[in-house]
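Novice: Below are the sequence and a predicted model; questions follow.
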Amino acid sequence: MSRRALVTGVTGQDGAYLCRLLLERGYEVYGAYRRSASVNLWRMEELGVAKAVQLVPFDLIELTNILRTLEKIQPDELYNLAAQSFVALSFEQPIYTADIDGVGPLRILESLRAVAPGCRFYQASTSEMFGKVQAIPQNEATPFYPRSPYGVAKLHAHWMTVNYRESYGLFACSGILFNHESPLRGIEFVTRKISAGLARIRNGLQEELVLGNLEAKRDWGFAGDYVEAMHSMLQQEKADDFVIATGETRSVQEFVDRAAEAAGFDLAWEGESEARRGIDRKSGKTLVRVAPEFYRPAEVDYLIGDASKARRVLGWKLRVSFAELVERMVRADLDRLAAGKPLL
Ligand code: NAP
Ligand code: F7E
């Protein structure tokens, strides 16, 4: 009999890639989605898996809904990917973010304890918990110092996951994933904002790309590689926590440079801080500007992860390089526009 997996946050980037992987591996896949006037399935549709996933309405805010869903489906594995995942918004909506990202996973853990204690649980933790980094690179032993309401909320969920494993013997894992991107990334995140913006400029649909802090450094990998690690964590003999990262770091400006090249521009930079501009050498036009409205009240300046434990224990491997990732994202947005599709 095939194993049953429940994936929360199924309409998001990782949800789509994880569903595809689980279906390929023969799972019966249930996708938990947040009900709204128009549910957005475009990512699963792009990967060709929307019809194979059985959708169930689910909200992290509603304990009774979570309890009934778990009681009914009795999953073998539960991947909790649902979250208010945009760090910038968490400064505007800290209480909502704390409830969804901090207490939401606890609602799931309590429900599992009550009605499905044998189910294996994956919690989508994050490098944002390292925040103002206390060591370079960051691994499972690095102390946390979150710098946003999002990071603080996720840290609560991380420790609850550890606590329920230690207190009640739940098979509960926390995956501490560094930034991972793809052509399915939400358009508000900087990498996709850049790929979509440059594709629009290339097609005469936008004048300029306006960004915030160009100096922040991130360890960016490909989401398709990262969902492999999530699955692998739940196949081990013992539940544990793992850092997943590429071990390389690049600034936002370096991402812009690569993406501009992939879109056929040749950028030169001039000016400092808010006066900084990226100018296309070929046309002499300003393509990139900086606006303080995209700065954050507290920034995570530098992230670089050490995934050696995941490589050793899970046999996890990175397949897509940084250059390939940027190329794929820009190409996907150019192709969408060429096919007359909107950039969602
Ligand atoms: P994403 O694209 O923003 O997807 C988030 C998902 O959560 C969406 O399906 C969203 O549904 C759903 N959701 C939001 N609020 C909900 C609620 N109250 N109840 C139920 N569902 C809700 O995020 P992602 O990039 O795939 O990331 C997946 C998970 O990994 C998130 O928990 C994120 O915080 C975490 N994470 C991401 C990264 C990364 O770099 N991508 C790194 C580390 C950790 P709607 O479509 O209805 O909005
Ligand atoms: O910002 C800077 C911004 O919003 C990256 C989420 O998946 O990864 C993600 O969080 C950096 C920051 O991602 C703009 O200040 C400059 O330093 O793409 P982002 P994030 O905050 O790193 C972690 C691991 C998660 O867990 C989260 O869920 O880019 N930046 N200019 C900008 N960022 C945005 N969004 N927009 C700009 O215009």
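Specialist: Cool, the structure landed. Ligands and ions are numbered 1, 2, ... in the order given.

Novice: what helix or strand does L155 sit in?
Specialist: Per DSSP states H and E, L155 falls inside helix 149-168.

Novice: Can you name every helix or strand that that helix contacts?
Specialist: Under the contact definition 3 or more C-beta pairs under 8 Å, 6 or more residues apart in numbering; DSSP states H and E, helix 149-168 sits against helix 87-92, helix 94-97, helix 104-115, strand 120-126, strand 172-177. (Glycine included, C-beta is placed from N, CA and C.)

Novice: Sheet partners, orientation included, of the fourth one?
Specialist: Spelled out, that is strand 120-126. Here strand 120-126 has these sheet partners by DSSP bridges: strand 77-80 (parallel), strand 172-177 (parallel).

Novice: Contacts for that strand next, please.
Specialist: With C-beta atoms under 8 Å, 6 or more residues apart in numbering as the test, strand 120-126 has contacts from 9, 14, 76-81, 83, 105, 108-109, 112, 150-151, 154, 157-158, 161, 164, 170-178, 230, 233-234, 239, 241.

Novice: OK, now which residue of the stretch 1-150 of the chain is nearest to ligand 1?
Specialist: Residue nearest to ligand 1 within the stretch 1-150 of the chain (C-beta to the nearest ligand atom): G12, separated by 2.1 Å.

Novice: my guess is V243 meets R311, correct?
Specialist: No: the pair V243 / R311 is not scored as a contact, 10.3 Å apart, by C-beta atoms under 8 Å.

Novice: Which of those two has more residues huddled nearby?
Specialist: Under the neighbour definition other C-beta atoms under 10 Å, V243 and R311 were set side by side, and V243 has more, 27 against 16.

Novice: What count of nearby residues applies to L214?
Specialist: With other C-beta under 10 Å as criterion, L214 counts 18.

Novice: and if you look at L63?
Specialist: For L63, using other C-beta under 10 Å, the count is 16.

Novice: Minimum distance to L70: which of the helices and strands packed on helix 149-168 has it?
Specialist: Nearest to L70 among these is helix 104-115 (5.1 Å), distances taken as C-beta to C-beta.
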